[in-house]
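K.L.:
Sequence and predicted structure below; questions after.
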2 protein chains.
Amino acid sequence: MSSPESAFSSLFKEIDGLKEHFITRLSKAVSIPSVSSDLTLRPKVVEMAHFLKSELTALGAAVELRELGPQPDAPDTQLPPIVLARYGVDTSKRTILVYGHYDVQPALIEDGWATEPFELVQKDDKMYGRGSTDDKGPVMGWINSIEAHQKAGIEFPVNLIMCFEGMEEYGSEGLDDLIFAEKDKFFKDADAVCISDNYWLGTTKPVLTYGLRGCSYYSVTVEGPAADLHSGVFGGMVSEPMIDLVHILSGLVSPDGKILVPGLMDLVAPVTEEESKTYDTIEYEMNDLYAATGAKTNLHDDVKRTLMARWRYPTLSLHGVEGAFSAPGAKTVIPAKVTGKFSIRTVPDMQPHDVDELVFAHVNDLFTKLGSKNKMEIKLLHDGKWWLSSPSHWNFEAAKKATKTVWGVDPDLTREGGSIPVTLSFEQATGKNVLLLPVGRGDDGAHSINEKLDISNYIEGVKTLSAYLHYVAVEKME
Amino acid sequence: MSSPESAFSSLFKEIDGLKEHFITRLSKAVSIPSVSSDLTLRPKVVEMAHFLKSELTALGAAVELRELGPQPDAPDTQLPPIVLARYGVDTSKRTILVYGHYDVQPALIEDGWATEPFELVQKDDKMYGRGSTDDKGPVMGWINSIEAHQKAGIEFPVNLIMCFEGMEEYGSEGLDDLIFAEKDKFFKDADAVCISDNYWLGTTKPVLTYGLRGCSYYSVTVEGPAADLHSGVFGGMVSEPMIDLVHILSGLVSPDGKILVPGLMDLVAPVTEEESKTYDTIEYEMNDLYAATGAKTNLHDDVKRTLMARWRYPTLSLHGVEGAFSAPGAKTVIPAKVTGKFSIRTVPDMQPHDVDELVFAHVNDLFTKLGSKNKMEIKLLHDGKWWLSSPSHWNFEAAKKATKTVWGVDPDLTREGGSIPVTLSFEQATGKNVLLLPVGRGDDGAHSINEKLDISNYIEGVKTLSAYLHYVAVEKME
């Protein structure tokens, strides 16, 4: 096989020439409101799967729509299928497994969108629309790459295995089972995995992502009277569950972000000197945080400590209270049963089970000390483990070269504070390296109103994904 | 005028004879769903005013439906009228002002009612239906009393001024203005005031009520980022408003009910020995509390301390949080702006302004000590002062005699932990003594599903209200 670079000139020219065609493809995808959390739109999610099948089949890929059965929390409704596709069966080539999702978050123009959310609208070199960046843009990116190779008459450098799911925004129901069931079947040839479902850290510099935090989500319920009480009649006579609850919640974390669960920080891997250095060169400023949050309420004053707080230290967030008075106005109720929700973002080397044990012990201890006659229950609602890859793996080296080729800069190596559970599932099931290669920018507003994808990120993204496939095809294994 | 007792034999016989007729009157009233908080039912509230007018006019009372103009929070809708009625203009008689309300709380059978809420259903000597006890039963009581006197051929002992409002369950909009505007006009002849809009403490012993707690309701808002944030991405980077808030809320009150606002308890009038004794004979058991709340989560182990906590000590209740995640499930949000709601039930001699000052200073102090970069605002949402009357006033003496006559026992003298703001308004506007003379029992379930009024309470209630008017007509002023 010739050097990767020999193909780029004509390939990139082809991609530039197909720009309007690629935008039209994304427009078609965005116009299908494939909102997985809205059962009334389930036919649209299924329609989106068929759209992908049709596009991929037209390009010569072998496509299967894998049915997953009924949705556990809505047994009368079938889960949308997972699109399993394969392009190329050349045993002399490497096989790359890519993942994306074709479902989207809900969106209503009444939420404050400036344009119709399910219509791709171009303005100032940006394309606005639900799913433009999360994750229809990147999914189209892989399809566009296949088409550009064909039209430019350039041999596709790898066998591509594609796994596109339709329930990512609603818990990825059924995905894990499929991944583990297919690890020695449909996914067995995979030499490496690439997922494009996250974002640059900022708005100007491309990144590759090698780590994610885990998340352990808890509920703590305090229950007293059999029903809500009138605070005039019963205030002062009975223990109030809400009072107990705020005392427990305030014993979990201090206003400066310090986690108050004894022993929890002992589970955190120490920062090595080498690791510490990697934070020194990341392109990020405190102003990026201020711009993203619209406030100067930073807990730390320098960039390095701020990024470490996001990526490699655990944090405890209080999300809210279920069962108390939560509407506007002034209601004089003593809520009978209240449930506080909090979660801990976990990092290496915290084992979820150890975290649970410490949290349960601490909450029980806090409640015992209150001396309340109410009942308390602490529960784990769900957990997902952190993920940490090696950014010097040949899979990452290929992506670094691709980024440098297309964008002219070395990508920053980043981690994310949030979770993408499928990352860990693919790593564990296939035993192969997983790379997160984002297409969009940090200000794309995934999950928000006015979600967008810059046209340059979309088109250069197709080039980056394509270049990555050329480099990963020949990258020397270490 | 002859002695009150001379009239009772034939009057009470007449009332017993009219039992079915009186129940039919209450049935008609309950069948009109005069829900004041539901704008779609506003015509029914107005219909209920006309029903009262028609009943009273038929008995010879002079009735005016006083219009109050548009509803402030729904300017396209007119407030229901206040029914102002007068029965008797004999200057040789005392004039008694009575108050009640003809609107009701919302009720839907889907809420869990065993019977249609707007149909009066008899079962086991009880009458179930929305408004049966709160407050249509007592309002019908006054009308029944007039009719019974007429049919028994007994002279009505007083001039009766009636004020029945239709917005009690939605903030008594417009009532205070009317009371103060009419204090030297429609209400100027009043020698004493009687309100029947509360309940016995328990289920077996009648009570008279001479005190109410006030209520100062506050909101404390903590605001940080411009919009809700993802806890994965921003957890650890920014101050979380919800964390600040639970630290403030837990600094207001301890789990054993102790108010932590410095200086607040110094505003409370000390308990005199004489007052302390009045608690020793009240018919109340800890089991009454357990039955009412469905739990043994009492803060105090003895009846006396429990009743004092309800009636004559301040309490601080936490009602809930607005702006945080309050639905079922697990959402990983950092709420941008959260508002805690709490209220203090106030007692003599706490002045609302002093309470505000102490609360504001304490909350500001708590927030300052957090060292947070978020913004905090503490606000008073509304307040109402406590009310304390003298239970040895001749107005109360008349009610004691009436109760003894009808029920054969001396009533317990009680206070209430909640507020009935109109009580204080009438006292301040007229300068006359106000008596709370309840008809229903402590387990009637006002505001709850399956609201009821015992038939015996309704019929003996008509006798009690009537006997009260006879005694108050001749009771010696001190």
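P.N.:
Yes, it's here.
K.L.:
Which residue of chain A lies farthest from its centroid?
P.N.:
Distance from the C-alpha centroid of chain A, by CA atoms, centre = their mean, peaks at A:Val233 (48.4 Å).
K.L.:
isn't there a strand covering that one?
P.N.:
No: assessed with DSSP: H, G, I helix; E, B strand; the rest coil, A:Val233 is helix; it does not lie in a strand.
K.L.:
ok, now which ones touch it?
P.N.:
By CB atoms under 8 Å, 6 or more residues apart in numbering or on different chains, the contact set of A:Val233 is B:310, B:416-418. Quick note: C-beta positions are derived from backbone N, CA and C, even for glycine.
K.L.:
quick check, A:Gln428 in a helix?
P.N.:
Yes: A:Gln428: assigned to a helix according to three-state DSSP.
K.L.:
Neighbours of it, how many?
P.N.:
Using other CB atoms under 10 Å in any protein chain shown, the number of residues around A:Gln428 comes to 15.
K.L.:
same thing with A:Tyr87?
P.N.:
21.
K.L.:
Contact partners for it?
P.N.:
Taking CB under 8 Å, 6+ apart, we find A:Tyr87 in contact with A:56, A:59-62, A:146, A:156, A:159-160, A:162.
K.L.:
Output the set of residues of the stretch 351-478 of chain A in proximity to chain B.
P.N.:
Within reach of chain B by CB under 8 Å from any CB of the partner chain, the stretch 351-478 of chain A has these residues: A:370-374, A:381-382, A:416-419, A:447-448.
K.L.:
One more pass at 7 Å, please.
P.N.:
Counting by CB under 7 Å from any CB of the partner chain, the stretch 351-478 of chain A comes close to chain B at A:370-374, A:381-382, A:417-419.
K.L.:
centroid residue for chain A?
P.N.:
Judging by CA atoms, centre = their mean, chain A has its centre closest to A:Ile420, at 4.2 Å.
K.L.:
if we can go back for a sec, just the closest of the contacts of A:Val233 to A:Pro80, please.
P.N.:
Nearest to A:Pro80 among the contacts of A:Val233, counting by CB to CB, is B:Gly418 at 52.8 Å.
K.L.:
picking up where we left off before, make TSV out of the contacts of A:Val233 and add neighbour count and pLDDT.
P.N.:
Shown next, in TSV, are the contacts of A:Val233 (neighbours: other CB atoms under 10 Å in any protein chain shown; pLDDT from 0 to 100):
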residue	neighbour count	pLDDT
B:Arg310	27	95
B:Glu416	23	93
B:Gly417	25	93
B:Gly418	19	90
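K.L.:
Reformat those as JSON lines; add secondary structure.
P.N.:
Formatted as JSON lines, the contacts of A:Val233 follow (three-state DSSP):
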{"residue": "B:Arg310", "secondary structure": "helix"}
{"residue": "B:Glu416", "secondary structure": "strand"}
{"residue": "B:Gly417", "secondary structure": "coil"}
{"residue": "B:Gly418", "secondary structure": "coil"}
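K.L.:
which among those gets closest to chain A?
P.N.:
Chain A lies nearest to B:Gly418 out of the contacts of A:Val233, by CB to the nearest CB, at 2.5 Å.
K.L.:
Spatially, which residue comes closest to the closest one, not counting chain neighbours?
P.N.:
Counting by CB to CB, 6 or more residues apart in numbering or on different chains, the nearest residue to B:Gly418 once its immediate chain neighbours are dropped is A:Gly232, at 2.5 Å.
K.L.:
what does A:Trp407 give?
P.N.:
Excluding the flanking residues, the one nearest A:Trp407 by CB to CB, 6+ apart is A:Pro206, at 5.0 Å.
K.L.:
Wait, that neighbour touches A:Asp410, no?
P.N.:
No: assessed by CB atoms under 7 Å, A:Pro206 is found out of contact with A:Asp410, at 8.8 Å.
K.L.:
okay, these two: which has more neighbours?
P.N.:
Ranked by neighbour count (other CB under 10 Å), A:Pro206 and A:Asp410 place A:Pro206 first, with 28 against 14.
K.L.:
so what's the more buried one scoring on pLDDT?
P.N.:
At A:Pro206, the predicted lDDT confidence score is 98.
K.L.:
Break down chain A into its helices, ranges please.
P.N.:
Assigned by DSSP state H, chain A shows helices spanning A:4-17, A:19-30, A:42-58, A:137-152, A:175-181, A:231-234, A:241-250, A:273-278, A:286-293, A:303-311, A:352-370, A:394-407, A:421-430, A:455-474.
K.L.:
Out of these, the one nearest A:Leu436 is which?
P.N.:
Nearest of the helices of chain A to A:Leu436, taken as CB to CB: helix A:421-430 at 6.8 Å.
K.L.:
for the record, mean pLDDT for the closest one?
P.N.:
For helix A:421-430, the mean per-residue pLDDT is 95.
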